[in-house]
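Chemist: The following block contains a protein sequence and its predicted model.
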Amino acid sequence: MTALLRSLCAALALLLAATTAPAAYAAPPPLKASFKDGRTSDPAVDISRVSFEGSWYWTSEQYVRVAVPGGFRTGHRLTVWFDVDGDSTPDGHYTLRLGEVKNRKQGYLRDEQEFRLGGGWGYAGTKVRCSGDDGYAQPESSYVKRGQREIGLALDLWNCLRRSAPVSDDDSGSWRVSVEVSRGRLSDHAPGPERWSPAVAGWGPCDQGAC
């Protein structure tokens with residue numbers, strides 16, 4: 001009986017130790033990620049791939065790239081919703097609308113861009129100024145070329161969302177996206193309507209240890 005009691009006490013002690021031990025720290029999110037879409041939408045708006053990447057330590061610019069194999073054309077609207085606090089509601093969204101330029105021989109489309117705070121999963125919200133080191137247009141050009149299959153965005157996300165950047169040795173922040181490409185009544189969402197991508201870090205590590 002005494003041996004059985006000792007065994008029970010030892011087992012209880014191990015159980016208490018396991019339940020009261022400090023939890024292990026979660027692994028930090030990666031600096032970049034990408035995901036492929038199911039390719040089931042109309043070819044005019046079908047998203048094949050979304051990739052996004054956090055900023056390097058010495059700058060403050062996050063990147064999103066959206067690929068549409070059918071190419072971007074007049075009438076396309078690209079919307080990217082952002083989340084930086086981990087809840088289910090978007091903190092803000094970026095919208096790019098494409099139209100014709102006066103001289104169509106140039107082969108480029110006119111872009112109209114805006115960033116809005118709040119607005120949920122819709123297109124409303126408070127319009128604010130938003131930029132990055134190179135603005136939030138494509139770094140390569142002020143226009144998107146007709147039929148271009150991928151659009152890249154660069155923006156200072158925390159500044160656009162009017163949030164303090166959580167850069168420290170133990171907190172690089174995290175963010176995630178949800179993307180829609182539409183044209184007229186057609187639309188495609190990645191990873192899905194009102195669904196979030198995996199999270200990535202807001203900032204990467206120091207460059208070779210030099211901050």
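Modeler: Perfect, thanks for sending it. Residues are numbered from 1 along each chain as shown.

Chemist: now the residue most central in space within the chain: how far from residue 102?
Modeler: Residue closest to the mean C-alpha point of the chain, counted by CA atoms, centre = their mean, is residue 177 at 3.2 Å. Going from residue 177 to residue 102 by CB to CB, to the nearest Å gives 33 Å. The C-beta positions use only the backbone N, C-alpha and C, and glycine is treated the same way.

Chemist: circling back to that earlier point, looks like the residue nearest to the centre of the chain contacts residue 79 (just checking).
Modeler: No. Judged on CB atoms under 8 Å, residue 177 makes no contact with residue 79 at a distance of 10.3 Å.

Chemist: element containing the residue nearest to the centre of the chain, please.
Modeler: Under the criterion of DSSP states H and E, residue 177 resides in strand 174-183.

Chemist: Residues in contact with that strand: which ones?
Modeler: Residues outside strand 174-183 that contact it (CB atoms under 8 Å, 6 or more residues apart in numbering): 29, 44-47, 50, 52, 54, 62, 64, 66, 68, 73, 75-84, 86, 90, 157, 187-191, 194-202.

Chemist: can you list the weak-confidence ranges in this structure?
Modeler: By pLDDT under 70, the weakly predicted segments of the chain are 1-26, 39, 58, 103-105, 132-143, 167-170, 206-211.

Chemist: can you give me the strands for it?
Modeler: Secondary structure of the chain (DSSP state E): strands at 32-36, 49-53, 62-67, 76-83, 92-100, 108-117, 126-128, 144-145, 150-155, 174-183, 186-190, 200-201.

Chemist: How many neighbouring residues does residue 52 have?
Modeler: By other CB atoms under 10 Å, the residues close to residue 52 number 25.

Chemist: what bridges to it?
Modeler: Counting by DSSP bridges, residue 52 forms beta bridges with residue 33, residue 64.

Chemist: Confirm for me that it is in contact with residue 66.
Modeler: No. With contact defined as CB under 8 Å, residue 52 does not count as touching residue 66 (9.3 Å).

Chemist: what about stretch 40-56, start to end distance?
Modeler: Chord length of stretch 40-56, first to last residue, is 35 Å (CA to CA, to the nearest Å).

Chemist: With stretch 178-187 instead?
Modeler: Criterion CA to CA; first-to-last residue distance in stretch 178-187 is 13 Å.

Chemist: just stretch 181-188 next, same as before
Modeler: Using CA to CA, one end of stretch 181-188 lies 5 Å from the other.

Chemist: Since that was my last question, I'll sign off now.
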